[in-house]
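Chemist: Coordinates for the following, if possible.
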Amino acid sequence: MKGTKVAVVGSGISGAVCASSLARNGLSVTLFESARGPGGRMSQRRENVEDGKELLFDHGAPFFTANNTEVLSLVHEWESKGLAAIWKEKFGSFDHTSNKFVDLEQEGLISKRYVGIPGMNSVCRALCREPGVESKFGTSVGRLEWLEDQNLWSLIGLDGQNLGQFKGVVATDKNIVSPRFTSVTGKPLPLDLKLFPELAVKLNDIPVRPCFALMIAFAEPLTSIPFKGFSIKNSEVLSWAHCDSSKPGRSTSSERWVLHSTMEYAQRIIAQTGLQKLSDATLTKVAEELFQELQSLGLNISQPFFKKAHRWGSAFPATSIAREEKCLWDGNKRFAICGDFCVSPDVEGAIVSGLAAASKLSELFSCL
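Modeler: Presented below is the predicted three-dimensional model:
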């Protein structure tokens with residue numbers, strides 16, 4: 001098994017954990033990621049403002065929880081390496097109808113919230129650099145071809161480049177088998193689902209919850225808000241807000257917040273614009289509408305010196321397709337699909353699924 005070449009497509013937390021686990025089991029892993037860096041929804045956004053100041057935002061997953069014993073073990077390892085820490089702040093809920101906050105801790109709805117240090121992408125970045133993992137960022141996989149006569153997988157880049165041949169493949173991006181891939185890239189689906197008729201049924205257009213994130217920065221703290229993170233009820237526009245600069249290991253030179261829209265708001269915008277790249281005018285309009293909704297909560301919000309919106313078009317799954325199996329697996333072709341859409345739509349679900357896919361491949365190769 002030692003040195004067997006396998007490919008992992010996608011460097012979100014599911015792919016990063018999977019790649020790390022495979023490498024620790026002696027396999028030679030090549031990880032492909034279309035973005036410039038790792039993280040997926042755990043990526044960190046870097047923005048520069050006019051005075052040359054750099055602003056960093058965790059604009060996707062604000063934190064993660066851990067209850068599964070395997071996941072807890074990993075999280076404790078990350079804590080010991082300084083890659084993660086507990087976010088020890090007060091969290092609440094705001095009802096837009098009554099204009100009142102509820103303290104979640106007083107309600108007994110408390111769970112340890114972990115964040116990456118110094119950004120949410122720190123864990124993924126470290127995992128992608130582990131011995132045995134070769135990470136190729138800015139590389140989009142356009143086609144995964146099964147070579148029956150050679151009993152191998154051949155990966156082709158979106159630009160037609162030959163990316164190599166591999167004994168096994170783990171895919172972590174649900175869009176490689178979704179019509180959304182074609183609507184965004186104009187290219188055919190990377191994976192021919194005729195190879196996996198049983199998997200095709202489960203993978204057929206997994207429903208998603210789109211979301212817009214608004215990144216805002218203030219020169220002074222928002223003292224009128226009693227919590228550093230809160231869900232928002234009875235708003236048609238906003239669902240969540242958190243103070244990103246209150247997390248451990250972050251710069252406090254400015255107060256930075258991230259707001260998440262409701263799914264319904266995002267769906268309305270996408271119905272008008274499609275999933276192609278948004279114009280600056282549309283993103284500016286979205287930013288204004290999300291900020292106006294925050295102001296309408298009656299919290300005496302000052303004007304930010306930075307404001308920018310980001311669209312998460314299909315990142316948040318609305319269903320779980322492999323709760324029991326934890327990943328989709330074809331042993332004959334040594335192919336797995338993992339991600340939060342398999343187990344549960346959160347970071348912990350993504351980790352559990354990535355570990356399950358790594359276990360399937362590792363066990364198979366250990367028997368050969």
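Chemist: Quick check on residue 277: phi, psi?
Modeler: The phi and psi values for residue 277, taken as degrees, to the nearest 10, are phi -60, psi 130.
Chemist: What does the pLDDT read for it?
Modeler: For residue 277, the model assigns a pLDDT of 87.
Chemist: do residue 368 as well
Modeler: Looking at residue 368, its pLDDT stands at 65.
Chemist: first vs last residue of stretch 75-94, how far apart are they?
Modeler: Chord length of stretch 75-94, first to last residue, is 30 Å (CA to CA, to the nearest Å).
Chemist: do you know how far the spatially most distant residue from the centre of the chain is from residue 252?
Modeler: Distance from the centre of the chain peaks at residue 149, with 36.2 Å (CA atoms, centre = their mean). To residue 252, residue 149 is 60 Å away according to CB to CB, to the nearest Å. In this view, the C-beta of every residue, glycine as well, is placed from N, C-alpha and C.
Chemist: ok, which stretches of the protein are helices?
Modeler: Secondary structure of the chain, counting by DSSP state H: helices at 13-24, 69-80, 122-127, 179-185, 197-203, 263-273, 280-295, 347-367.
Chemist: Quick check: which ranges of the stretch 101-250 of the chain have low pLDDT?
Modeler: Along the stretch 101-250 of the chain, segments meeting pLDDT under 70 span 105-110, 178-179, 205.
Chemist: ok, the closest residue to residue 181 other than its chain neighbours to residue 186 distance?
Modeler: Spatial nearest neighbour of residue 181, chain neighbours left out: residue 175 (4.7 Å); criterion: CB to CB, 6 or more residues apart in numbering. Relative to residue 186, residue 175 is positioned 14 Å away (CB to CB).
Chemist: Name the residue in those two with the higher neighbour count.
Modeler: Neighbours per residue (other CB atoms under 10 Å) separate residue 175 from residue 186, with residue 175 holding more: 21 against 8.
Chemist: Identify the residues contacting the more buried one.
Modeler: Contacts of residue 175 were listed using CB atoms under 8 Å, 6 or more residues apart in numbering, and they are 181, 184, 314.
Chemist: Could you export those as CSV, including neighbour count?
Modeler: Below are the contacts of residue 175 laid out as CSV (neighbours: other CB atoms under 10 Å):
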residue, neighbour count
181, 20
184, 16
314, 21
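Chemist: which among those gets closest to residue 247?
Modeler: For the contacts of residue 175, the residue nearest residue 247 by CB to CB is residue 314; the value is 26.2 Å.
Chemist: any idea how far residue 241 is from that closest one?
Modeler: The separation that residue 314 has from residue 241, given CB to CB, amounts to 23 Å.
Chemist: and residue 96, how far is that from residue 299?
Modeler: Distance, residue 96 to residue 299, by CB to CB: 11 Å.
Chemist: list residues touching both of the two?
Modeler: Residues touching both residue 96 and residue 299 by CB under 8 Å, 6+ apart: none at all.
Chemist: Contacts only, for residue 238.
Modeler: Counting by CB under 8 Å, 6+ apart, residue 238 touches 232, 259, 260, 261, 262, 265, 290, 293, 294.
Chemist: which one of those residues sits closest to residue 69?
Modeler: Nearest to residue 69 out of the contacts of residue 238 is residue 260 (CB to CB; 29.7 Å).
Chemist: does that closest one really touch residue 212, like I thought?
Modeler: Yes. Assessed by CB atoms under 8 Å, residue 260 is found in contact with residue 212 at 7.4 Å.
Chemist: rewinding a little: so which of the helices of the chain is the most packed in?
Modeler: Of all the helices of the chain, helix 13-24 has the most neighbours on average by mean count of other CB atoms under 10 Å, namely a mean of 28.
Chemist: tell me what that one is packed against?
Modeler: If contacts are counted by 3 or more CB pairs under 8 Å, 6 or more residues apart in numbering; DSSP states H and E, helix 13-24 sits against strand 5-9, strand 28-33, helix 122-127, strand 133-137, strand 168-171, helix 347-367.
Chemist: Could you list every helix and strand in contact with the first one?
Modeler: If I follow you right, that is strand 5-9. helix 13-24, strand 28-33, strand 152-157, strand 162-166, strand 168-171.
Chemist: what angle sits between it and strand 162-166?
Modeler: 120 degrees (axes from the mean of the first three to the mean of the last three CA atoms, to 10 degrees).
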